[in-house]
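Q: Sequence first, then the predicted structure:
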Amino acid sequence: QVQLVESGGGLVQAGGSLRLSCAASGRTFSSNALAWFRQAPGKEREFAAGINSGFSTYYADFVKGRFTISRDNAKNTVYLQMNSLTPEDTGVYYCALRVVGDVWRQAGIYDYWGQGTQVTVSS
C-alpha cells in the first residue's frame, strides 16, 4: 500500500517562503507522475504543480513563477518550493501520485493522496 506523507507547512507572512516535502513509501515512484494540489476553505481542490517521470514540470497559472516542483527519486520524495507567498495561497496542500500516465491537472485521475499540510499566509 502506498503512503504519501506531506510536511513543511506552517504559518508565514506575506512575501515569505515555504518548502513542502512529500515522502512516499510502499513503492518506488521513479516511474510515476507526481503533483501538488491545494484546497482553500470553501473551494475545490486545484492543481498547483506537477512533475512527470522524465522530470518535465507543469504549473498552474496562479503560480506565476513563484513555485518550483522537484523530485528526488533516491529519497522517494517530491518537493514544492514556494516563494513570494500571498494570503491567497492559504490552504491545505496535498501531494498526489499517479500510477500510470503523465501529469494531469484533474485531481480525479491520481491514485494516491497524502493527508495534506496546512499553509497559512498572513497579510
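A: Thanks, I have it.
Q: Surely Gly10 is in contact with Arg19?
A: No. In this structure, Gly10 is not within contact of Arg19 by CB atoms under 8 Å, at 10.4 Å. C-beta coordinates here come from the backbone N, C-alpha and C atoms, glycine included.
Q: Measure how far stretch 91-101 is from the centre of its chain, please.
A: 7 Å (CA atoms, centre = their mean, to the nearest Å).
Q: quick one: contacts of it?
A: 2, 4, 6, 9, 20, 22, 24, 29, 32-41, 43, 45, 48, 78, 80, 104, 107, 109-119 (CB atoms under 8 Å, 6 or more residues apart in numbering).
Q: tell me which element the residue nearest in space to the middle of the chain is part of?
A: Closest to where the C-alpha atoms of the chain average out (CA atoms, centre = their mean) is Trp36, at 2.2 Å. When elements are assigned from DSSP states H and E, Trp36 belongs to strand 33-39.
Q: Other residues contacting that strand?
A: 20, 22, 45-53, 69, 71, 78, 80, 89, 91-98, 101-104, 107, 110, 116, 119.
Q: Got a PyMOL select line for the buried ones in the residues you listed?
A: Buried residues among the contacts of strand 33-39 (16 or more other CB atoms under 10 Å), as a PyMOL selection:
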select buried, resi 20+22+45+47+48+49+50+51+52+53+69+71+78+80+89+91+92+93+94+95+96+97+98+103+104+107+110+116+119
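Q: In helices only, show me the contacts of strand 33-39.
A: Using DSSP state H, the subset of the contacts of strand 33-39 located in helices is empty.
Q: From the contacts of strand 33-39, which land in strands?
A: If you go by DSSP state E, these have 20, 22, 46-51, 69, 71, 78, 80, 91-98, 119 in strands.
Q: How confident is the prediction for the nearest residue to Arg38 once chain neighbours are set aside, by pLDDT?
A: Spatial nearest neighbour of Arg38, chain neighbours left out: Gly91 (4.5 Å); criterion: CB to CB, 6 or more residues apart in numbering. Predicted confidence (pLDDT) for Gly91: 98.
Q: ditto for Gln1
A: Residue-level pLDDT assigned to Gln1 equals 85.
Q: Can you report how many residues neighbour the residue nearest to it when sequence neighbours are not counted?
A: The shortest distance from Gln1 to any non-neighbouring residue, by CB to CB, 6+ apart, is to Gly26 (5.3 Å). Using other CB atoms under 10 Å, Gly26 has 12 neighbouring residues.
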